[in-house]
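In: With the input below, show me the fold.
(one chain, ligands or ions: 1)
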Amino acid sequence: MTQKKAHLTVDGLDNPIELDVFEGSTGPDVVDVRSLTANGLFTYDPGFVSTASCESKITYIDGANGVLLHRGYPIEQLANEASFLETCFLLMNGELPNAEEKAEFEHIITNHTMVNEGIMQFFKGFQHDAHPMAILCSVVGALSAFYHDSLDISNETHRKISAHRLIAKMPTLAAMAYKHAIGQPFMYPRNDLSYSENFLYMMFATPCEDYKVNPVLAKAMDKIFILHADHEQNASTSTVRLSGSSGANPFACIASGIAALWGPAHGGANEAVLNMLNEIGSVDRIDEFVARAKDKNDPFRLMGFGHRVYKNFDPRAKVMKETCDQVLAELGIENDEQLAIAKRLEEIALQDEYFIEKKLYPNVDFYSGIILKAIGIPVEMFTVIFATGRTPGWIAHWHEMMSGPYKIGRPRQLYTGETKRDFVKVEDR
Ligand code: SDX
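Out: All right, here's what the predicted structure looks like:
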């Protein structure tokens, strides 16, 4: 098949520049612009709105049609049929595990859930009102100070064990951040519990009495982790890839992803949604806030709405909304004020010309906070939950990049600053 081409004519250049056009297995074609520098040109794309930063086989998003596939499997099917650990295996290895592989992977992860006792000293240094994301950034980066035996990124076995450690230890570290905040003792993980049961156990059990995890809540937690597991080249995943491209160790790369995720425009949105619903306070104040969200002079935005890629419903938001209804019903929570505000806000926004014209729909963060709050997880922990769920996605992209040829990420710029000028002595300024 002949190579597809693009031809770029530039004023001032004698001949058009011929560029290769590559086709994926699905989705938009890409124009290979690497030869532009030879013609003294850069592309210009702040925020990477139109830039494919890499080739990947992990996740595909069709934003116009609200489609999300992990290794070809629709997110709705994974969320309703798979476990989070099956999804982790799929993201990392490209295929769903068979029964033997599933059992082995669960055994490996279960037996890496403890953290080095020295890590506990880090927590003692934080004040009780330290934001759990600040703690998570720090302690995940610090893991590389403990696991020297698996830091050779060119060694596939090292990469695998680091991946297993990160997936296994994130819930333990997350629960430790919560226990530190409420002044309760840390709970050690238990090998007789599933991944999400173990997390809820470490969050809510105490040494004083037996604690039985509600299986409905454990299933909801597992589904929430799946819905956050990966999302193509989003800001935090791109950060992980960029950190990895310099050869940084996997723990440092994941810590950089956690830092990027924290922002309210990204993973911090779930916490911001709950704070927004609290600020709105009642259904009859919704119109006031919708008007503010539409006002160009007001920095307020409807948190949990809009997306760089989805210009249709975020398929994860649909599953999250269904799970929300299930969890609240299971807990006997009938008239949750925040859920009532969220549902009414969604109705109003989806009928409003501004949101229709700008294709703003609820995203993954819009309903997740309501479920997390119903499960008993405090607002400050919401982005920590997101980070725990996103860890396999970050690792899969890091591993995919490290498994083949890659270059250090080093974008250029459009320079509009001062051109060369000579130094002026202070007495002459
Ligand atoms: C996540 O990338 C990913 O995949 C991320 C994520 C993942 O799984 O990794 O899906 C997770 O981060 C979901 C998004 C969570 N963030 C929020 O809910 C915060 C609120 N949303 C916005 O900040 C915004 O929608 C973004 C950041 C999500 C997307 O921003 P873009 O793509 O840069 O779009 P934009 O800011 O250029 O907005 C386009 C227009 C603008 O108006 P104009 O300048 O064209 O006149 O829509 C407006 C914006 O002002 N707009 C909003 C809005 N979101 C966009 N107006 C009001 N409320 C909003 N929420």
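
In: so is the closest residue to residue 120 other than its chain neighbours in a helix, a strand, or just coil?
Out: Counting by CB to CB, 6 or more residues apart in numbering, residue 120 lies nearest to residue 186, which is 6.7 Å off, once chain neighbours are set aside. Every C-beta, even on glycine, is put in place using the N, C-alpha and C of the backbone. Following DSSP: H, G, I helix; E, B strand; the rest coil, residue 186 is assigned to coil.

In: Nearest spatial neighbour of the residue in the stretch 251-400 of the chain that the ligand sits nearest to, chain-adjacent residues omitted?
Out: Distances between the stretch 251-400 of the chain and the ligand by CB to the nearest ligand atom are smallest at residue 306, namely 2.4 Å. Nearest non-adjacent residue to residue 306, counting by CB to CB, 6+ apart: residue 360, 4.4 Å away.

In: Neighbours of that neighbour, how many?
Out: Neighbour count for residue 360, taken as other CB atoms under 10 Å: 20.

In: With residue 415 instead?
Out: Residue 415: 8 neighbours (other CB under 10 Å).

In: Could you check how far residue 252 is from residue 286?
Out: Counting by CB to CB, to the nearest Å, the separation of residue 252 from residue 286 is 43 Å.

In: Residue 84 now?
Out: Taken as CB to CB, the span from residue 84 to residue 286 is 34 Å.

In: Repeat that for residue 74.
Out: 32 Å.

In: Give me the more crowded residue out of these two.
Out: Comparing residue 74 with residue 286 by other CB under 10 Å, the one with more neighbours is residue 286, at 19 against 13.

In: which secondary structure elements does the host helix or strand of the more buried one contact?
Out: Take DSSP states H and E as the rule and residue 286 turns out to sit in helix 286-294. Where contact means 3 or more CB pairs under 8 Å, 6 or more residues apart in numbering; DSSP states H and E, helix 286-294 is packed against helix 269-280, helix 337-351.

In: How about the helix or strand just after that helix and the ligand, any contact?
Out: Going down the chain from helix 286-294, the next helix or strand is helix 315-330, by DSSP H and E. No. Using CB under 6 Å from any ligand atom, helix 315-330 stays clear of the ligand, with a minimum separation of 7.5 Å.

In: Could I get the contacting residues of the residue nearest to residue 105 when sequence neighbours are not counted?
Out: Sequence neighbours aside, residue 89 is the residue nearest to residue 105 in space, at 5.1 Å (criterion: CB to CB, 6+ apart). Contacts for residue 89 (CB atoms under 8 Å, 6 or more residues apart in numbering) come out as 96-97, 101-102, 105.

In: sec struct for residue 89, please.
Out: helix.

In: if we can go back for a sec, what about burial for the contacts of residue 89, which qualify?
Out: Using 16 or more other CB atoms under 10 Å as the burial test, the contacts of residue 89 include 96-97, 102, 105 as buried.

In: list the helices and strands the strand or helix carrying residue 157 packs on?
Out: Here residue 157, judged by DSSP H and E, is contained in helix 156-182. Contacts defined by 3+ CB pairs under 8 Å, 6+ apart place helix 156-182 against helix 99-110, helix 119-124, helix 132-142, helix 195-204, helix 250-261, helix 382-402.

In: rank those by mean pLDDT and give me the bottom one.
Out: Least confident of the helices and strands packed on helix 156-182, judged by mean pLDDT, is helix 119-124 with a mean of 92.

In: Now do that one: distance to the chain's middle.
Out: In this view, helix 119-124 has its centroid 25 Å away from the chain centroid, taken as CA atoms, centre = their mean, to the nearest Å.

In: go on, stretch 277-289?
Out: 28 Å.

In: Counting neighbours, which bits of that stretch end up buried?
Out: 277, 280, 286, 289.

In: Would you agree the first one is in contact with residue 341?
Out: Put plainly, it is residue 277. Yes. Under the criterion of CB atoms under 8 Å, residue 277 makes contact with residue 341 at 5.2 Å.

In: Tell me the secondary structure of the closest residue to the ligand within the stretch 51-200 of the chain, please.
Out: Scanning the stretch 51-200 of the chain for the residue nearest the ligand gives residue 61, at 7.3 Å (criterion: CB to the nearest ligand atom). Put simply, residue 61 is strand when judged by three-state DSSP.
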